[in-house]
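Colleague: Below are the sequence and a predicted model; questions follow.
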Amino acid sequence: MALKLTYHGETTVPVEIEGLTPDWACDKSVAEIERFETFHGNRKIPLAEMFRVTGDASDKRLEFEGNLSGVHWIGAHMASGQIHIQGSAGRHVGSEMTGGEIRVHGDCRGWTGAEMHGGFIHVHGNAGHLLGAAYRGSVRGMTGGTILVDGNAGNEIGLTMRRGLIAVGGNAGDVVGFNMIAGTILVFGDSGIRHGAGMRRGTIGLLGPNRPPLLPTFKFDATDRPPIMSLLLREVRTKGLMFDESLLTADFDFYRGDLVSVGRGEIIFRHDESTATVIQRQHVPESVQA
């Protein structure tokens, strides 16, 4: 039997429940959980002031219901168990988590999975900015685990990412993989500009129908259909993210960069014959082109 937390707060002031995880709650009574210390703005209050708590947390499953868009830090720091959010959620869902599973049946705001170390997050709606990103001033962002977003996501996905997988089924904003150290980011819709700026290693797949502009510090490498791409795409599908099935047998254009950094990262586009003609001409000496 899961622990059910129904939000009944009526406030525009942020509510923060950092530390309320399946690991913490699993050996607590309902009365103890109701006394869990939360923040309403800068005021400390018991959880029961904002949530109706029922059920049993012994199986490490928490179910949140209600309009949670102003409730932040749900599942932050969790190490095991499951969290299901029926509706939208606020900022920092699953940030710094090391294990377990979070499913959001709605939208999330910014910093979802920020500095995540392990575990699994599936957002069945849209996500905000800085998905799987490093906090300002941190030397690395996400270092493990998987984040799936069925809808769209904002800017700076995977900022300073070190390991793990982020896959976005819809569109993305600007600077995907900024300062990326390693790991994998896949975007199946359209995206903005300046992707991979400063990236050292890692893979960014921009697989939507409209190829975004690429920074001049990336160099065309090859057109190929490597088995690893098919394996990676099948893994994403197995984890629950749907995409255009024709990608499983498609050719891809690989670019290396960012050459202002280590330059061992790669940005991958779905192969386009018209673009390939331009690329081939760019690599032919000017004397031959004339």
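Modeller: Done, it's in. Numbers count the residues shown, from 1 in each chain.

Colleague: only C-alpha atoms for contact and neighbour calcs from this point on.
Modeller: Will do.

Colleague: What score does the nearest residue to residue 66 once chain neighbours are set aside have for pLDDT?
Modeller: Once flanking residues are discounted, residue 66 sits nearest to residue 7: 5.1 Å by Cα to Cα, 6 or more residues apart in numbering. What the model reports for residue 7 is a pLDDT of 97.

Colleague: how close does residue 7 sit to residue 84?
Modeller: 14 Å (Cα to Cα, to the nearest Å).

Colleague: repeat for residue 121
Modeller: When Cα to Cα is applied, the distance between residue 121 and residue 84 equals 10 Å.

Colleague: Those two: which has the busier surroundings?
Modeller: residue 121 (26 against 18; other Cα atoms under 10 Å).

Colleague: Return the set of residues that bridge with that one.
Modeller: Note on residue 121: beta-bridge partners by DSSP bridges are residue 102, residue 147.

Colleague: Confirm for me that residue 182 is in contact with residue 202.
Modeller: Yes. The pair residue 182 / residue 202 is scored as a contact, 3.9 Å apart, by Cα atoms under 8 Å.

Colleague: Could you name every residue contacting both of those two?
Modeller: Counting by Cα atoms under 8 Å, 6 or more residues apart in numbering, the common neighbours of residue 182 and residue 202 are residue 265.

Colleague: circling back: can you list residues touching both of residue 7 and residue 84?
Modeller: Taking Cα under 8 Å, 6+ apart as the contact rule, the neighbours common to residue 7 and residue 84 are residue 64.

Colleague: which residues are in contact with the longest helix seen in the chain?
Modeller: Using DSSP state H, we find that the single longest helix of the chain is helix 227-239. Residues outside helix 227-239 that contact it (Cα under 8 Å, 6+ apart) are 167, 243, 248-249.

Colleague: and if we set it to 10 Å?
Modeller: 120, 122, 146-148, 165-167, 184, 186, 205, 240-243, 245, 247-252, 268 (Cα atoms under 10 Å, 6 or more residues apart in numbering).

Colleague: Report the buried residues of that helix.
Modeller: Going by neighbour count (16 or more other Cα atoms under 10 Å), the buried part of helix 227-239 is 229, 233-234, 236.

Colleague: Including distance to residue 113, could those residues go into a markdown table?
Modeller: Shown next, in a markdown table, are the buried residues of helix 227-239 (distance: Cα to Cα, whole Å):
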| residue | distance to residue 113 |
| --- | --- |
| 229 | 24 |
| 233 | 21 |
| 234 | 23 |
| 236 | 17 |
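
Colleague: residues contacting residue 119?
Modeller: 78-81, 94, 96-102, 113, 144-147, 164.

Colleague: Spatially, what comes nearest to it if we skip its sequence neighbours?
Modeller: Closest residue in space to residue 119, ignoring its immediate chain neighbours: residue 99 at 3.8 Å, by Cα to Cα, 6+ apart.
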